[in-house]
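Novice: quick one: sequence and predicted model below, then my questions.
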Amino acid sequence: RMETDCNPMESPSNTGFEEDSDYTDFEGTDVKDMRLEAEAVVNDVLFAVSNMFVSKTLPCAEDVAYINVETRERNRYCLELTEAGLRIVAYDFDQTDDSLQTPYHETVYSLLDSLSPAYREVFGNALLQRLEALKKDQS
């Protein structure tokens, strides 16, 4: 009986949420959520930095994900994303430095704004272009 319950071939529409659904909802989806959150952060500001991606080396957990970012000034950072926000945990990709006591930022925008004048300029120009486009649409 146990074998057929866990056999994924038995029900092809099995998403993994049917078995132990109380457990999976808490465990499985949260892990995915912080990673998804990190991916969304990256997609939001990638255009305004040199490079940015979710770390594949550092472990994502249900309450934390790590993002590597390289500013247009060629400075590298590893950011920690938690419920508290984002903060720098190292000055290189895929690293964490426990001795680093950096402040949390509520948004990736404020964090990058404080690190990178080039980010601020590119992001500001993008906003201006969007406003101009909106203005054209209005008239």
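Specialist: Noted; the coordinates are in hand.

Novice: alpha carbons only for contacts and neighbour counts from here, please
Specialist: Will do.

Novice: contact partners for the residue nearest the centre of the chain?
Specialist: The centre of the chain sits closest to A38, judged by C-alpha atoms, centre = their mean, with a distance of 1.2 Å. Shown in contact with A38 (C-alpha atoms under 8 Å, 6 or more residues apart in numbering): 54, 65-67, 81.

Novice: make it 10 Å
Specialist: Neighbour list for A38: 32, 44, 53-55, 60, 64-67, 79-82, 86 [criterion: C-alpha atoms under 10 Å, 6 or more residues apart in numbering].

Novice: what about it, helix or strand, and which?
Specialist: helix 21-45 (DSSP states H and E).

Novice: counting by contacts, list what the helix or strand that that helix is followed by packs against.
Specialist: Sequence-wise, the next helix or strand downstream of helix 21-45 (DSSP H and E) is strand 51-54. Applying 3 or more C-alpha pairs under 10 Å, 6 or more residues apart in numbering; DSSP states H and E, we find strand 51-54 packed against helix 21-45, strand 65-70, strand 76-82.

Novice: quick one: strands adjacent to the shortest one?
Specialist: Strand 65-70 has the following sheet partners, assigned by DSSP bridges: strand 51-54 (antiparallel), strand 76-82 (antiparallel).

Novice: contacts made by the shortest one with the rest, please.
Specialist: Pointing back at strand 51-54 there. 35-43, 45-46, 60, 65-72, 74, 76-79, 93-94.

Novice: ok, L58 to V69 distance?
Specialist: Distance, L58 to V69, using C-alpha to C-alpha, to the nearest Å: 14 Å.

Novice: swap that for D113, sorry
Specialist: Distance from D113 to V69, by C-alpha to C-alpha: 13 Å.

Novice: appreciated, that's everything.
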